[in-house]
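> Here's a sequence, model it:
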Amino acid sequence: MSATSRERFQSSLRRARKIAVLTGAGVSAESGIPTFRGAGGLWRRYQATSLASPEAWQRDPGLVWEFYNHRRERALGCRPNPGHHALARLEARFREAGGVFTLITQNIDGLHEQAGARDLVRLHGSLWQVRCLSCGSVTENRGVPITPAFAGSGSPDPETRARRFTAAELPHCSCGGVQRPHVVWFGEALKESDLAAAAAGVDGCDLLLVVGTSAVVYPAAGFVPLAKRHGALIAEINVEPSAVTSLCDFVFTGGAGEILPSLLDLAPALAP
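As a prediction, this is how the structure comes out:
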């Protein structure tokens, strides 16, 4: 990180009145959350992406819940890293100074919330919520295992799975309906209200931070060119170049936990 680039970014940060942040899996990878792509993307004999789909649910909902139960077990032992905390501190200071701050995340692990983020836009849902397929109600569920039947299941070892789970062993709503993870799977549309909230946060922002995302999944990746067209400065913090690096005014190479604390821990100086 060059001193000149850092100083220019921090000067822009101090002048900004409206900031948006888009975060991806790279932020949480530093906390031990496996990513879908890369070394952590394989679960048993399955690519994680192949299980996060309506088609996988139709074939075998018990297998899908095993996968998500395993993800919940992994996430339960993870804690926010310095990158999560730096973003939460920036939000608190910026709001106190009268600015507009929007955190848009593609992550479902809840680590931004644990770090203190408020009113964030969760584009892909939450690992800790379930949705009833009968009545449509969305409720928080932090049970691990998700039901007693899943105790001890979910191991990445492909030889450990000996049976299919019955419908009765799946999570159920108080209305009696089967519940599924309240996450947006591949092939499903994002909620219109979440998209609208994210677009409103990006629209007219002075500065957009793009943190830990490959920026290849749409519509989230589309917020970067949108902000650019509207005149925002774009800053990327990532361990490697992404699909939007060429659009960025500032590029800081490294992990969010390494880069963000010293980059963001300064008081915004909003003009009156």
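> can you tell me which residue is nearest the centre of this protein?
Asn107 (1.4 Å; C-alpha atoms, centre = their mean).
> buried stuff in the host helix or strand of Trp128?
Secondary structure assigned from DSSP states H and E places Trp128 in strand 125-132. Buried residues in strand 125-132, counted by 16 or more other C-beta atoms under 10 Å: Gly125, Ser126, Leu127, Trp128, Gln129, Val130, Arg131, Cys132. For the C-beta atoms, the positions are set from N, CA and C on the backbone; glycine is no exception.
> so Ala221, which of the three states?
helix (DSSP: H, G, I helix; E, B strand; the rest coil).
> how far away is it from Ala198?
Using C-beta to C-beta, to the nearest Å, one gets 12 Å for the distance from Ala221 to Ala198.
> who has more neighbours, these two?
Neighbour count, other C-beta atoms under 10 Å: between Ala221 and Ala198, Ala198 has more, with 26 against 20.
> what packs against the one helix or strand in the chain whose mean pLDDT sits lowest?
Least confident helix or strand, the chain: strand 42-43 with a mean of 81, by mean pLDDT, DSSP states H and E. If contacts are counted by 3 or more C-beta pairs under 8 Å, 6 or more residues apart in numbering; DSSP states H and E, strand 42-43 sits against no helix or strand.
> Just the residues contacting it, thanks.
Residues outside strand 42-43 that contact it (C-beta atoms under 8 Å, 6 or more residues apart in numbering): Ala48, Leu51, Phe67, His70, Pro156.
> Give the next helix or strand downstream of that strand.
strand 46-47.
> Just name whatever secondary elements the next helix or strand after that next one is in contact with.
Per DSSP H and E, the first helix or strand lying C-terminal to strand 46-47 is helix 48-51. If you count contacts as 3+ C-beta pairs under 8 Å, 6+ apart, helix 48-51 packs onto helix 61-76.
> repeat that with 10 Å
strand 42-43, helix 54-59, helix 61-76 (3 or more C-beta pairs under 10 Å, 6 or more residues apart in numbering; DSSP states H and E).
> mean pLDDT for the ones you listed: which is lowest?
Of all the helices and strands packed on helix 48-51, strand 42-43 carries the lowest average pLDDT, namely a mean of 81.
> and that one, which strands flank it?
Looking at strand 42-43 with DSSP bridges, its partner strands are strand 46-47 (antiparallel).
> Any stretches of the chain with poor pLDDT?
Along the chain, segments meeting pLDDT under 70 span 1-2, 37-40, 160-162, 267-272.
> wait, is Ile237 part of a strand?
Yes: under three-state DSSP, Ile237 falls within a strand.
> Now do the contacts for the closest residue to Arg8 other than its chain neighbours.
Nearest residue to Arg8 in three dimensions, chain neighbours excluded: Phe250, at 7.1 Å (C-beta to C-beta, 6 or more residues apart in numbering). The contact partners of Phe250, taken as C-beta atoms under 10 Å, 6 or more residues apart in numbering, are 1, 5-6, 8-10, 12-13, 207, 209-210, 233-237, 263.
> Among those, which are located in helices?
Mapping the contacts of Phe250 onto helices (DSSP state H) picks out Ser5, Arg6, Arg8, Phe9, Gln10, Ser12, Leu13, Leu263.
> If we ignore the residues flanking it in sequence, what's nearest the second one?
Distance criterion C-beta to C-beta, 6+ apart; nearest residue to Arg6, sequence neighbours excluded, is Leu263 at 6.8 Å.
> Okay, the one you found and Asp206: tell me how far apart.
Leu263 is 16 Å from Asp206, by C-beta to C-beta.
> Thank you kindly, that will do.
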